[in-house]
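Undergrad: need coordinates for the following:
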Amino acid sequence: MIELDRDAMTPLYVQLATVLRDRIRRGEIPVGRRLPSQAELETETGGLVSRRTIKSALEVLVDEGLVQGVQGKGVFVIALPGPPEQQ
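TA: Have a look, this model is predicted:
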């Protein structure tokens, strides 16, 4: 289950992108593997987020060069993220 905080200042799509990035970093979703589908992520969040929010989170990861969509197959991990930023 993915836990997101609807009341946080951080937008839900950014929170979701962070969760997915952390899963990639920890090796839960290794390079070359497909990310959960939008429907699977919607279920994992308990229906808290819309598919548009999920798409926005995936776009963040695409922009970072971590994942790439493959037409008809899904979104795949193509690189590992750098170390987490220090707060």
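
Undergrad: so V62 is in which element?
TA: helix 51-63 (DSSP states H and E).

Undergrad: can you list the buried residues in the helix or strand of the chain with the lowest mean pLDDT?
TA: Lowest by mean pLDDT, DSSP states H and E among the helices and strands of the chain is helix 38-44, with a mean of 95. Buried residues in helix 38-44, counting neighbours by 16 or more other Cβ atoms under 10 Å, are found at Q38, L41, E42, E44. In this view, the C-beta of every residue, glycine as well, is placed from N, C-alpha and C.

Undergrad: now do the strands in the chain.
TA: For the chain, strands defined by DSSP state E occupy the ranges 67-70, 74-77.

Undergrad: put together a markdown table for those strands, with distance to L4 on each row.
TA: Putting the strands of the chain into a markdown table (distance: least, Cβ to Cβ, whole Å) gives the following:
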| stretch | distance to L4 |
| --- | --- |
| strand 67-70 | 19 |
| strand 74-77 | 19 |
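
Undergrad: neighbours around the nearest residue to A8 once chain neighbours are set aside, how many?
TA: Nearest non-adjacent residue to A8, counting by Cβ to Cβ, 6 or more residues apart in numbering: Q15, 6.9 Å away. The number of residues packed around Q15, counting by other Cβ atoms under 10 Å, is 20.
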